[in-house]
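Colleague: Generate a structure from the sequence data that follows.
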Amino acid sequence: VAFNDIKHSASPYLGIAVQVQDGNVDITNSMFTNIGRIGAHYRNGVIPGAAISGTYANNMYTGKGNGDWLDYAMDISGGVTLVVDNNTVSNNTGVATSDGSTSAGFLATTYFPAGQNLANDVTFTNNNISANTTGIAVGFDGTDNSVVVANNNNIAGNTDYGIFSTAPLVDGTMNWWGDATGPAGEGQGTGDSVSEFVDYCPWLDAEDPAGNPVSNIENLTQGTFHCSIQDAVDNAEIAGGDIIQVGDITVEENVVIDKGLTLQSANGKEFTTISGDGSSPTISIQADDVTVDGFTLTNPGGTNAVSSNNNSNIAIKNNLVTDVAGASITGTPVHSIVITATANTIDNISITDNMVMDIIAGEGGSVSAITVGFSTNNYDVTNLVIDGNMINNIDASTLPWQSGPSGGKGAYGILLNLGANAVGTGKIIDAQ
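Modeller: Numbers count the residues shown, from 1 in each chain. Model (predicted):
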């Protein structure tokens, strides 16, 4: 069916080609042009007890472009179950001057039935959604509980958002966003933007169906992509030896490395940041044979950026460590990079070519850039190399030394065999 010039003379914001008020209704193989407002309106709340479902497939909706009007290929109400597949929607860019409402390729909300907030269940697949203000708009306000899945769509060239949500969590994975780097907005690529509440990772590196799922975090050894560093570590080979590479992004994670592997940035510390949340070290090493190479590491509110205990063959190199702790951290030591041996001798520790700077803590705790070993332990650290590092602005409390119950403590570039009382037998051997 071809729908054209479906309008309402009383308002530029009215006109619906098809409205479904009850039942299972499929709309397929149709064309919509010059529609007043909505191509297909699956509208719940008109008929009491209605059960609305259907498929909207193989249709083409072309909006009216810029102007004082609105365009939506579909407006989907609450309580509706719908599959939206293999449609082409474009040119929905009108703005209502009456209230500033904007157009979208598709709109799914629980606004209707009024006051009930009935969840809908909408799946978007294999659609081409381009040149709209927003590709898929989900939700009416912060209470909306729409259920929307959008996978394997080509969403590109939409001016404001590819997918926007007011609050509902949207599964927006496995889509092409117009660029191989993925979406912009809450994403860190340069494709169409996504808002908060949209899960976009992994995305496709080319148009569907040719595109492959990718992300900024890749296990180079296994050829797999991951949406968090921790997920990449958890799925690395247990036997060890995998190389996990992180692209040009900033992630907020506290990563636990519990198997031997290399964690490296793709292009160096200037482009890739891992920021801890202060609850634990930004990177906690819990295995032998681990390399951490080429990141900016921060942990505001935390006491360590990198921590390793009882592990050998550890290399920490080419990183910028900064913004650890802060003046609010009091009464506890802060060691930006800390290597300890509390249960066994450790060997072959290399801390090289890092920059450690602007590490500040409050009253009652010492602060160091690099700490290796504690004099209270009974296990040796052998073959330690600390070389080529730049250390700047390590700042402990400015109170007088040991004044009061929690006065000033020391600020150190490098601490070896830290401890108030040398009661342990462990020592550092063959340090360079």
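Colleague: Any buried residues in the helix or strand harbouring N417, and which?
Modeller: Under the criterion of DSSP states H and E, N417 resides in strand 411-418. For strand 411-418, burial by neighbour count (16 or more other CB atoms under 10 Å) applies to A411, Y412, I414, L415, L416, N417, L418. In this view, the C-beta of every residue, glycine as well, is placed from N, C-alpha and C.
Colleague: what packs against it?
Modeller: strand 367-374, strand 390-395, strand 428-431 (3 or more CB pairs under 8 Å, 6 or more residues apart in numbering; DSSP states H and E).
Colleague: How far does stretch 47-61 stretch from one end to the other?
Modeller: In stretch 47-61, first residue to last residue: 27 Å (CA to CA, to the nearest Å).
Colleague: I should have written stretch 339-357 there, sorry.
Modeller: Taking CA to CA, stretch 339-357 runs 18 Å from one end to the other.
Colleague: next one: stretch 219-229
Modeller: End-to-end for stretch 219-229, by CA to CA: 10 Å.
Colleague: Off-centre distance for that stretch?
Modeller: With CA atoms, centre = their mean, to the nearest Å as the basis, stretch 219-229 stands 15 Å off its chain's centre.
Colleague: before we move on, what about stretch 294-309?
Modeller: In terms of CA atoms, centre = their mean, the centre of stretch 294-309 is found 19 Å from the chain centre.
Colleague: So which bits of it are buried?
Modeller: For stretch 294-309, burial by neighbour count (16+ other CB under 10 Å) applies to 294-299, 302-309.
Colleague: Filter the residues you listed down to the ones in helices?
Modeller: Within the buried residues of stretch 294-309, no residue falls in helices by DSSP state H.
Colleague: Next step: these restricted to strands.
Modeller: T296, L297, T298, N299, V306, S307, S308, N309 (DSSP state E).
Colleague: how about the nearest residue to the last one, chain neighbours excluded?
Modeller: Distances taken as CB to CB, 6 or more residues apart in numbering place T340 nearest to N309, at 4.7 Å, with adjacent residues excluded.
Colleague: Next, the contact list for that neighbour, please.
Modeller: T340 makes contact with S307, S308, N309, N310, V372, G373, F374, N377, according to CB atoms under 8 Å, 6 or more residues apart in numbering.
Colleague: neighbours around the closest residue to the second one other than its chain neighbours, how many?
Modeller: For S308, ignoring the flanking residues on the chain, the nearest one in space by CB to CB, 6+ apart is I285 at 3.8 Å. With neighbours defined by other CB atoms under 10 Å, the count for I285 comes to 25.
Colleague: isn't I285 right next to I314, touching?
Modeller: Yes. Counting by CB atoms under 8 Å, I314 is a contact partner of I285 at 6.2 Å.
Colleague: what is in contact with the two at once?
Modeller: S308.
Colleague: Would you quantify the distance from G63 to S146?
Modeller: G63 is 22 Å from S146, where distance means CB to CB, to the nearest Å.
Colleague: returning to what we had before: looking at the helices and strands packed on strand 411-418, which is closest to G39?
Modeller: Proximity to G39 (CB to CB) singles out strand 390-395 among these, at 60.6 Å.
Colleague: buried residues in stretch 209-226?
Modeller: Buried residues in stretch 209-226, defined by neighbour count with 16+ other CB under 10 Å: G211, V214, S215, N216, I217, E218, N219, T224, F225, H226.
Colleague: which of the residues you listed lies closest to T273?
Modeller: Nearest member of these to T273, counting by CB to CB, is N216, at 11.9 Å.
Colleague: What ranges does the stretch 201-350 of the chain have for its helices?
Modeller: 229-234 (DSSP state H, counting those that start in this stretch).
Colleague: give me the low-pLDDT residue ranges for the stretch 251-400 of the chain?
Modeller: The stretch 251-400 of the chain contains residues with pLDDT under 70 at 364, 375-377, 397-400.
Colleague: From the buried residues of strand 411-418, which shows the smallest pLDDT?
Modeller: Ranked by pLDDT, these bottom out at L418, which scores 56.
Colleague: quick one: the residue nearest to N309 from D171, how far?
Modeller: Distance, T340 to D171, by CB to CB: 42 Å.
Colleague: repeat for N235
Modeller: Counting by CB to CB - N235 and D171 are separated by 20 Å.
Colleague: Please tell me how far stretch 145-152 is from the chain's geometric centre.
Modeller: Centroid separation for stretch 145-152 versus its chain: 18 Å, with CA atoms, centre = their mean.
Colleague: in it, what's buried?
Modeller: Those buried within stretch 145-152 under the rule 16+ other CB under 10 Å are S146, V147, V148, A150, N152.
Colleague: sorry, back to before: looking at the helices and strands packed on strand 411-418, which one is packed in the most?
Modeller: strand 367-374 (a mean of 25; mean count of other CB atoms under 10 Å).
Colleague: wait, isn't D5 in contact with A17?
Modeller: No. When contacts are counted by CB under 8 Å, D5 is not listed as touching A17 (10.0 Å).
Colleague: Which one of the two is surrounded by more residues?
Modeller: A count of neighbours by other CB under 10 Å puts A17 above the other of D5 and A17, at 22 against 10.
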